[in-house]
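# Build me a model from this:
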Amino acid sequence: MQRLLLSTLGFYIAFLFTSCAQAQTTILAETIIDKSQLEYYLVQAYNQATAESRIAINHIGLETESVGSIQVASAVIEGYPAHHSGIRRGDKILQVNGMEFHPVYSFNELHTSGRVIPHLDERFNIEIDRGGIVQSLSISPVHENLYDSYRTAGLNSPQQFNVGNKVIGYMRLWGLSRSTNDLLSIKSMIDELSQCDGIILDLRDASGFIDITLLDLIYRTRNNYYETAGENTSSFSLDKTVTISPGYYSRPLAVLINKNTRGGAELLAYQLNKSERVVTIGEATNGKIGGYRLDNQAGGYRYKPATQALIDGEQFEGVGFTPEISIDYPISQTTRSDPQFENAATILQGMI
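I've put the predicted structure just below:
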């Protein structure tokens, strides 16, 4: 793959890394996520058998990271209030209704019973800082569980655009599950883009569980699927007894990942990178493929690192996966341009 890319896109040589290069191992400790963290509601939703048992909260479709004492937008979910209001990745979220912004409690409150109750306000005034210019926005949150929100965003993501005389498709998977309905939905997304000369598969900020049926949508055979060994591998082992569905996408793929690509999503990127018609682009993942269990005494979900699990004979937890082409996309960048996406489109054009 590297030789192909070097011959067709020599000006990207500075970005090429050795295929499947591994980052230095980081020992991930057991951690607790509680109801004050947005991640709690995503994990809770993933671990429920029915939609009725998933906790719905007020949210605006925004993920943030702490930079000092400020929350900075790290991902804006397409089709949700933050996206509609014009919030961009890199915006500093300062206040909501005159109070310091909190990802959960700006739109909800924690009742003494332990339940999260949405604020009754229909609209909220949000103050953001973009490049030193403070702006005020009016926004109405949705009341949904995060599992459904991420699934809806993924279903609405497919699009097609022309690059030269080629047609490139784009789809973004925010969350992966083993639900039959979800897998059929992803199949319909790929079918929608099946006539494209290549597809950009965006797995940035994605999480969830990998399923062999998902890989079958892209591979003709299962000869080169990754092997698991060791302990606690049930959440990412591939059941090869499942019947193979006919039809697969056989054209080039560019896969986007970043440090927040985790769980089944980073294993999906790792597996796809084995193919000669796939190029991975972006930032190294952290290797977070362990599982969560509810710890009522601690008041949240406890993360158990998969330190004893092996992927193709190697430790993946705390190591992660490094893409073939490393392109930084700093959170401080507030322009509309997306260097990872733009490079993926250019590179795909040279492959198809």
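# where along this protein do the helices fall?
Under the criterion DSSP state H, the chain contains helices at 2-8, 38-46, 81-85, 146-155, 180-192, 212-216, 264-272, 339-351.
# Deepest-packed of these, please.
Mean neighbour count (mean count of other CB atoms under 10 Å) peaks for helix 264-272 among the helices of the chain, with a mean of 25. (Each C-beta comes from the backbone N, C-alpha and C, glycine too.)
# low-scoring stretches of the chain, by residue?
Applying pLDDT under 70 to the chain flags residues 1-28.
# try 90
1-30, 49-51, 110-116, 118-122, 163-165, 231-232, 234-235, 239-247, 332-337, 352 (pLDDT under 90).
# Next up, the contacts around the spatially most central residue of it.
Closest to where the C-alpha atoms of the chain average out (CA atoms, centre = their mean) is residue 206, at 1.4 Å. Applying CB atoms under 8 Å, 6 or more residues apart in numbering to residue 206 gives the contacts 172-176, 261-262, 265.
# again, 7 Å this time
By CB atoms under 7 Å, 6 or more residues apart in numbering, the contact set of residue 206 is 173-176, 261, 265.
# Please name the nearest non-neighbouring residue to it.
Nearest residue to residue 206 in three dimensions, chain neighbours excluded: residue 265, at 3.7 Å (CB to CB, 6 or more residues apart in numbering).
# Over to residue 251?
Leaving aside its chain neighbours, residue 251 sits nearest to residue 198 (5.6 Å; criterion: CB to CB, 6+ apart).
# returning to that earlier point: could you measure the residue nearest to the centre of the chain against residue 186, distance?
Using CB to CB, to the nearest Å, we find residue 206 at a distance of 12 Å from residue 186.
# Distance to residue 318 added to the helices of the chain, as CSV?
Formatted as CSV, the helices of the chain follow (distance: least, CB to CB, whole Å):
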stretch, distance to residue 318
helix 2-8, 26
helix 38-46, 18
helix 81-85, 31
helix 146-155, 25
helix 180-192, 28
helix 212-216, 24
helix 264-272, 12
helix 339-351, 24
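# Can you say which of these is nearest to residue 319?
Distance to residue 319, taken as CB to CB, is lowest for helix 264-272 among the helices of the chain, at 10.3 Å.
# Name the surrounding residues that touch the closest one.
By CB under 7 Å, 6+ apart, helix 264-272 touches 173, 176, 203, 206-210, 214-215, 218, 225-226, 236, 253, 255, 257, 261, 278, 280, 285, 289, 320-321.
# okay, now the domains of the protein?
The chain breaks down into these domains under automatic domain parsing: 2-29+146-351, 58-144.
# May I see those domains arranged in TSV, with distance to residue 40 as well?
Below are these laid out as TSV (distance: least, CB to CB, whole Å):
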stretch	distance to residue 40
domain 2-29+146-351	6
domain 58-144	8
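# Quick one: residues contacting residue 209.
Contact analysis of residue 209 by CB under 7 Å, 6+ apart lists 176-178, 235, 263-264.
# For those residues, which single residue is the most surrounded?
Each of the contacts of residue 209 was scored for neighbours by other CB atoms under 10 Å, and residue 176 scores highest at 26 neighbours.
# Next one: that one relative to residue 193, how far apart?
For residue 176, the distance to residue 193 (CB to CB) stands at 18 Å.
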